[in-house]
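**Q** take a look and give me a structure for this.
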Amino acid sequence: PDAQRMLGVNDNRQEDENMNLHYITLAASQGNSTACGILGHYFMNAECGLTNSMILAKHYSKMSLEEDEEGQPLCAFNFSIALYRLGLQRYEEIMEIPGHSPIPKALFWARKALEADSFPLRDNLTFILSVMENEVKSHCANCRKEAECASLKRCVRCLGAWYCGKECQVQHWKNGHKFDCIKRK
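**A** Below is the predicted model:
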């Protein structure tokens with residue numbers, strides 16, 4: 001798989017998109033995490049003649065992260081963005097449906113990407129993370145009551161849901177947040 005990936009990278013320098021895509025796809029089909037990350041990036045940005053597909057960007061970015069969680073900050077970034085955009089599309093911008101919310105996972109992987117020392121899109125990601133957090137912390141995830149002067153409490157497990165009180169947190173957990181919540185490592 002590494003040979004195919006390297007051929008794809010080398011063909012990319014030679015401006016032969018078809019061969020590049022061929023070798024990268026071949027390496028990804030054989031489980032190469034870097035190739036999966038490259039394909040995720042291609043689908044995220046509609047590169048190499050591929051159409052923009054958040055579903056495939058999510059799929060390949062996730063495959064890359066399953067193999068190499070620590071060394072793929074761009075894949076973590078792409079996965080986070082794909083989760084968020086798919087949530088907006090699928091649930092008509094209602095992002096906090098218990099048991100189906102992409103917010104905790106999107107925030108987790110965005111924070112994971114920021115942990116990398118040499119992440120090239122740090123400023124963009126910091127801004128996107130801030131926008132995501134501000135959107136969801138403006139109201140209780142359970143009762144949807146608007147926040148009053150930052151009085152909401154955050155889920156300490158995933159840091160991806162905010163509540164007006166213990167009762168709402170318990171109810172939201174029972175309604176499905178337990179499936180969305182991702183434990184920080």
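
**Q** is it true that K62 touches S80?
**A** No. Look at K62 against S80 with Cβ atoms under 8 Å: they stay out of range, at 10.8 Å. Placement of C-beta: from N, CA and C, glycine included.

**Q** who has more neighbours out of these two?
**A** Between K62 and S80, counted using other Cβ atoms under 10 Å, the more crowded position is S80 (26 against 18).

**Q** which phi and psi values does R154 adopt?
**A** phi -100, psi 150 (degrees, to the nearest 10).

**Q** beyond the biggest helix by length in the chain, next helix or strand please.
**A** The single longest helix within the chain, with elements called by DSSP state H, is helix 73-90. Following helix 73-90 in sequence order, the next helix or strand is helix 103-114 (DSSP states H and E).

**Q** residue nearest the centroid of the protein?
**A** Geometric centre of the chain, nearest residue: S80, 1.4 Å, by Cα atoms, centre = their mean.

**Q** that one against L114, yeah?
**A** No. Taking contacts as Cβ under 8 Å, S80 lies outside contact range of L114: 10.0 Å.

**Q** okay, stretch 120-128 in PDB with CA atoms only?
**A** The C-alpha coordinates for stretch 120-128 follow below in PDB (Å, rounded to 0.1, in the frame of the first residue of the first chain):
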ATOM      1  CA  PRO A 120      -1.100  24.400   9.000                       C
ATOM      2  CA  LEU A 121      -4.800  25.600   9.300                       C
ATOM      3  CA  ARG A 122      -4.600  26.400  13.000                       C
ATOM      4  CA  ASP A 123      -6.200  29.800  12.700                       C
ATOM      5  CA  ASN A 124      -9.000  28.600  10.500                       C
ATOM      6  CA  LEU A 125      -9.700  25.700  12.800                       C
ATOM      7  CA  THR A 126      -9.600  27.900  15.900                       C
ATOM      8  CA  PHE A 127     -12.200  30.100  14.300                       C
ATOM      9  CA  ILE A 128     -14.400  27.200  13.200                       C
END
